[in-house]
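S.K.: just need the structure, nothing else, for what follows:
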Amino acid sequence: MNLYDYIDYKKFIRDYIKNLPYSGRGFKAKIANELRIHTAYVSQVLNKTANFTLEQSIELSSLLNLTNSEKEYFLLLVQKERAGSKNLESYFINQMNAFVDEQRKLKNRLEAKGEINQVDQQIYYSSWHFMAVHALISTKKFHTPQEIAQQLNIPISKARETIEFLLNAAIIIKEGNSFELGSRDIHLSSDSPMISKHHTNWRMKAISSLDASSEEDGHSFEDMHYSGVISVTEEDAQAIREILIKSIQSSRKVIGESKPEDVYCYTLDMFKL
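M.R.: Numbering: from 1, shown residues only. Here you go, the predicted model:
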C-alpha cells in the first residue's frame with residue numbers, strides 16, 4: 001500500500017491496520033495509548049464521525065512509520081478532511097495533487113539504475129549506522145525504525161533519519177509497510193577518499209564489540225576477536241598475506257551464495273610495523 005494513492009487518511013489507517021499481522025488486533029488500543037485518548041474515540045475517527053487533531057496526527061504518523069515526506073502528505077490529508085468550507089477543502093486537494101506529482105517525478109529520477117552520487121556516498125560512509133541499517137533491511141527481518149533502533153542500540157530518531165536518507169538515495173525503497181533494497185549500486189574503490197573513514201568506522205565497532213558480551217547483546221553468535229604481532233621473514237609475511245587473501249575470497253563466495261538472514265561484521269588487517 002502506497003500512502004500517495006490515498007485521498008482519505010482514515011481509509012489509509014484502516015487499510016494499514018488490516019495489513020498488519022493478525023489483522024492489526026490491538027493496534028487501535030496502541031493508537032489510543034500513543035495519542036492519550038480513549039479507544040472509542042479512535043473508532044469514531046476511523047468510522048468517519050470525528051477527526052484527529054493535527055497534533056495527534058503528527059504523533060500518529062510516527063507510529064505508522066511514515067517517512068518525513070509521507071508525514072507532510074498525511075497532514076495534508078488530515079487538513080483536507082478537517083476543512084470547514086469547500087474552498088478550503090479544494091485548496092488542500094490542490095496541495096495534495098501537487099505534492100503527489102512532485103513525489104512521482106522524484107521517484108522516477110531515483111529509480112534510474114547506477115551508482116549513488118558522490119555526495120550521497122560521502123554521507124553513506126560517514127558513519128557505520130548507514131551501512132548497518134542497509135544490511136539489516138536486506139535481511140527482511142526488520143520492518144520498522146523501532147526494530148532497527150533496538151537491534152543496533154541507536155535512538156529511534158537516528159534510525160528514522162538513516163532510513164529517510166537511504167530512501168532519498170534510492171538505496172532502499174518502501175513497499176507497503178516495510179522496506180526493500182533499491183536499484184542503486186554502492187561501490188567503494190580502494191583509492192576512494194572515503195576508504196579510510198569506512199575502515200575506521202568498523203574498527204571502532206569492533207572495539208565496541210570487545211566491551212560487550214554476547215549474552216548482554218542478546219546474540220547467540222559467539223564473537224571472535226584476534227590480534228597478534230609476529231616476527232617473520234619478508235617471504236613468510238607474503239605467504240601469510242596470500243593465505244589471508246584466499247580466506248577472504250573463500251568467505252566472499254559463501255556470502256554470495258548465502259541468503260540474507262542476520263548481519264555480522266568481520267574485519268581483517270595485516271600491516272608492517
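S.K.: once you drop chain neighbours, what's closest to the residue nearest in space to the middle of the chain?
M.R.: By Cα atoms, centre = their mean, the chain has its centre lying nearest to I163, at 3.4 Å. Using Cβ to Cβ, 6 or more residues apart in numbering and skipping residues adjacent in sequence, the residue nearest I163 is P145, 6.0 Å away. Yep, even glycine has a C-beta here, placed from its N, CA and C like the rest.
S.K.: ok, now which ones touch the residue nearest to the centre of the chain?
M.R.: Under the criterion of Cβ atoms under 8 Å, 6 or more residues apart in numbering, the neighbours of I163 are 67, 133, 145, 148, 172, 179.
S.K.: after the helix or strand encompassing it, next one along is what?
M.R.: In the assignment (DSSP states H and E), I163 maps to helix 156-168. Downstream of helix 156-168, the next assigned helix or strand under DSSP H and E is strand 172-175.
S.K.: tell me what that next one is packed against?
M.R.: Judged by 3 or more Cβ pairs under 8 Å, 6 or more residues apart in numbering; DSSP states H and E, the packing partners of strand 172-175 are helix 156-168, strand 178-181.
S.K.: which of the residues in it are buried?
M.R.: 172-174 (16 or more other Cβ atoms under 10 Å).
S.K.: got it, and stretch 19-35?
M.R.: Quick answer for stretch 19-35 (16+ other Cβ under 10 Å): 24, 27-28, 31-32, 35.
S.K.: pLDDT weak spots in the stretch 51-200 of the chain?
M.R.: 106-115, 176-177, 183-185 (pLDDT under 70).
S.K.: can you list the buried residues in stretch 40-52?
M.R.: 41-42, 45-46, 51-52.
S.K.: and that stretch, end to end?
M.R.: Stretch 40-52 stretches 13 Å from its first residue to its last (Cα to Cα, to the nearest Å).
S.K.: check stretch 181-192 too.
M.R.: 24 Å.
S.K.: then stretch 130-144?
M.R.: So stretch 130-144: terminal residues 15 Å apart, Cα to Cα.
S.K.: strands of the stretch 51-200 of the chain, start to end?
M.R.: 114-115, 172-175, 178-181, 184-185 (DSSP state E, counting those that start in this stretch).
S.K.: the stretch 51-200 of the chain: helices as residue ranges?
M.R.: 54-63, 68-82, 86-110, 118-124, 128-138, 145-152, 156-168, 195-210 (DSSP state H, counting those that start in this stretch).
S.K.: put the alpha carbons of the last one into CSV.
M.R.: What follows is helix 195-210, C-alpha atoms only, in CSV (Å, rounded to 0.1, in the frame of the first residue of the first chain):
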residue,chain,number,x,y,z
ILE,A,195,38.1,4.3,2.3
SER,A,196,39.9,5.3,5.4
LYS,A,197,36.7,6.5,7.1
HIS,A,198,35.0,3.3,6.1
HIS,A,199,37.7,1.1,7.7
THR,A,200,37.8,3.3,10.8
ASN,A,201,34.1,3.1,11.3
TRP,A,202,34.1,-0.6,11.5
ARG,A,203,37.3,-0.9,13.6
MET,A,204,35.6,1.3,16.1
LYS,A,205,32.6,-1.0,16.1
ALA,A,206,34.9,-4.0,16.6
ILE,A,207,36.3,-2.2,19.7
SER,A,208,32.8,-1.6,21.0
SER,A,209,32.1,-5.3,20.5
LEU,A,210,35.0,-6.1,22.8
